[in-house]
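Engineer: Show me the folded form of this:
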Amino acid sequence: VEYIHSVLDAHGGLCGYIKGVHLHQSLSGAYVGELMQNPPKLEGTYYERLCQAYHHILSIDTHRPFTGKSVGGLIDRIGPDFLTYEFMSRSREEHESFLKLQNDALAND
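Structural biologist: Okay, here's the model as predicted:
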């Protein structure tokens with residue numbers, strides 16, 4: 001959240017141009033760092049390489065609830081016309097728990 005605020009600070013009136021936010025977080029920096037040190041070698045047919053790449057994409061962009069401290073204040077600052085929760089979940093129960101986590105994070109500011 002602090003980093004996003006710093007980017008907004010550095011770019012003046014940027015918030016006025018943001019009309020929508022797809023809200024989710026992916027804390028995958030360690031995974032990305034490992035990939036940078038040891039890039040994967042994709043092998044096989046086009047479809048097999050696509051499946052291997054997709055595994056890495058889903059490991060980088062995990063679409064979890066954005067529960068960082070003061071996320072509600074960040075969204076208030078941006079003031080988007082549209083706010084979309086963008087989650088990937090494995091079940092209805094997990095999706096419901098993600099919704100609760102996200103709602104709670106936005107309300108606790």
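Engineer: can you give me the strands in this structure?
Structural biologist: All strands of the chain, identified by DSSP state E, fall at 20-23, 82-85.
Engineer: of all those, which gets the most neighbours per residue?
Structural biologist: With neighbours defined as mean count of other C-beta atoms under 10 Å, those peak in mean count at strand 20-23, which reaches a mean of 15. (C-beta placed from N, C-alpha, C; glycine too.)
Engineer: any idea of the mean pLDDT for that strand?
Structural biologist: For strand 20-23, mean pLDDT rounds to 96.
Engineer: tell me what that strand is packed against?
Structural biologist: When contacts are defined as 3 or more C-beta pairs under 8 Å, 6 or more residues apart in numbering; DSSP states H and E, strand 20-23 packs onto helix 71-78, strand 82-85.
Engineer: So which residues make contact with the first one?
Structural biologist: The one in question is helix 71-78. 1, 4-5, 8, 15, 18, 21, 23, 83, 105-109 (C-beta atoms under 8 Å, 6 or more residues apart in numbering).
Engineer: same deal with the last one?
Structural biologist: For strand 82-85, contacts defined as C-beta under 8 Å, 6+ apart pick out 19, 20, 21, 22, 23, 24, 65, 75, 98, 99, 102.
Engineer: From those residues, pick the one nearest residue 33.
Structural biologist: residue 24 (20.5 Å; C-beta to C-beta).
Engineer: circling back: adding distance to residue 47, write the strands of the chain out as JSON lines.
Structural biologist: Shown next, in JSON lines, are the strands of the chain (distance: least, C-beta to C-beta, whole Å):
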{"stretch": "strand 20-23", "distance to residue 47": "28"}
{"stretch": "strand 82-85", "distance to residue 47": "30"}
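Engineer: For residue 55, which of those is the nearest?
Structural biologist: Short answer: strand 20-23, nearest of those by C-beta to C-beta, at 21.8 Å.
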